[in-house]
Structures are given as C-alpha cells and as structure tokens.
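Asker: Here is my input, please return the structure:
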Amino acid sequence: MLTEERKAWFVETVRCRERAMYRTALAMLRRSAEAEDAVADAIEAAWRRLDRLRDDKALPTYLMTCTVNACHRALRRRREQPVNDLTPYAPVSPPELPVWAYLTSLPEKYRLPLILRYGEEMPVEEIARVLRLPRGTVSTRLSRGLKQLRKQIEEGG
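Answerer: Below is the predicted model of the structure:
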C-alpha cells in the first residue's frame with residue numbers, strides 16, 4: 001500500500017518529467033496524439049509498478065524507460081495497422097527546440113540518444129539504461145548522430 005506522501009512524490013516527479021517524456025515520445029513517434037497516449041501509458045505503467053521501485057532516485061529514469069517502451073509498443077501497433085487506415089501527418093515542431101526539423105530527419109537510433117543527452121541532459125550511463133544498450137553503443141550513436149546533424153545543418157544553411 002502506498003502512503004499519501006509517496007503518492008504526492010510520484011505526482012510531483014511526473015509533473016517535473018512529463019515535458020521531457022512528451023518530447024522523447026514525439027521524437028520517436030512523430031505524431032502528437034500518439035506521443036500523448038504513449039506518455040499516459042508510461043505514467044500508468046510506472047504507477048502500477050511503483051511499489052517495486054527500490055531506489056526513489058531512479059524514478060525519473062524509470063519514467064523515461066516506460067516512455068520508450070510505450071513508444072515501441074505504439075510503433076508495433078502502427079506496423080500492424082492496414083496501410084489504408086493510416087492518415088497522413090505533419091510532424092509537430094516544439095518551439096523550444098530550434099533544430100527539431102533537423103533532428104526529426106535523423107534515423108531513430110541517432111535521434112533518440114541525441115534528444116535524451118542534449119535535450120534532457122541525461123548522462124550517457126542513464127541513456128544506456130533507458131535504451132537498454134551498452135554505454136559504448138550510446139556514445140557511438142551520439143557521436144555519429146552529431147556528425148550527421150552538423151552535416152545537415154551545414155547543407156541546410
């Protein structure tokens with residue numbers, strides 16, 4: 001049974017992280033409505049498993065992990081939809097990230113680590129835990145992603 005204090009702490013932590021969760025979901029899904037649904041699913045999943053969390057300091061990382069997992073589930077559902085049910089969309093560009101257009105054109109394997117590292121200021125070790133990748137892979141993807149991003153910006157003016 002969760003105490004009222006622990007429930008309030010969870011709500012406050014979610015309030016502090018929800019924008020970062022949304023930006024991450026939007027970077028992965030590229031559709032605003034799906035990103036909102038993924039964040040809601042992630043919060044629900046974290047809430048259901050809150051009693052299993054051993055270290056309270058791990059909750060922000062765990063929320064991001066739940067967000068990434070919810071996005072992967074949404075992408076799987078999207079692939080399972082018949083092609084004629086898909087509607088065209090225009091990617092939403094958050095105004096607080098001026099390089100968003102360049103970031104969204106990168107492959108996900110580079111885009112997501114870059115957003116987590118430079119947009120959310122997560123350490124490489126934490127990104128590795130969230131994405132379930134070795135630290136070296138995350139570092140490589142950050143390096144290659146930055147290289148591709150610089151190239152696109154230089155070519156785009």
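Asker: hey, let's count contacts and neighbours off CA atoms from now on
Answerer: Fine.
Asker: Helix or strand: which one has residue 40?
Answerer: Assigned by DSSP states H and E, residue 40 falls within helix 32-48.
Asker: Can you name the residues that contact the spatially most central residue of the chain?
Answerer: For the chain, the residue nearest the mean C-alpha position is residue 24 (2.6 Å; Cα atoms, centre = their mean). By Cα atoms under 8 Å, 6 or more residues apart in numbering, the contact list for residue 24 reads 67-68, 112, 115-116.
Asker: Between all of those residues, which two are separated the most?
Answerer: Within the contacts of residue 24, 67 and 115 form the most distant pair, 13.5 Å apart (Cα to Cα).
Asker: Can you point out the buried residues in the helix or strand of the chain with the lowest mean pLDDT?
Answerer: Sorted by mean pLDDT, DSSP states H and E, the helices and strands of the chain end with helix 100-104, the least confident at a mean of 77. Under the neighbour-count criterion of 16 or more other Cα atoms under 10 Å, helix 100-104 has 100, 102-104 buried.
Asker: domains of this structure?
Answerer: 1-92, 93-157 (automatic domain parsing).
Asker: buried stuff in whatever helix or strand comes next after the least confident helix or strand of the chain?
Answerer: Next in sequence after helix 100-104, counting helices and strands by DSSP H and E, comes helix 108-114. Residues of helix 108-114 classed as buried: 110-114 (neighbour count, 16+ other Cα under 10 Å).
Asker: got the phi/psi numbers for residue 31?
Answerer: phi -140, psi 120 (degrees, to the nearest 10).
Asker: and the gap between residue 45 and residue 60?
Answerer: 13 Å (Cα to Cα, to the nearest Å).
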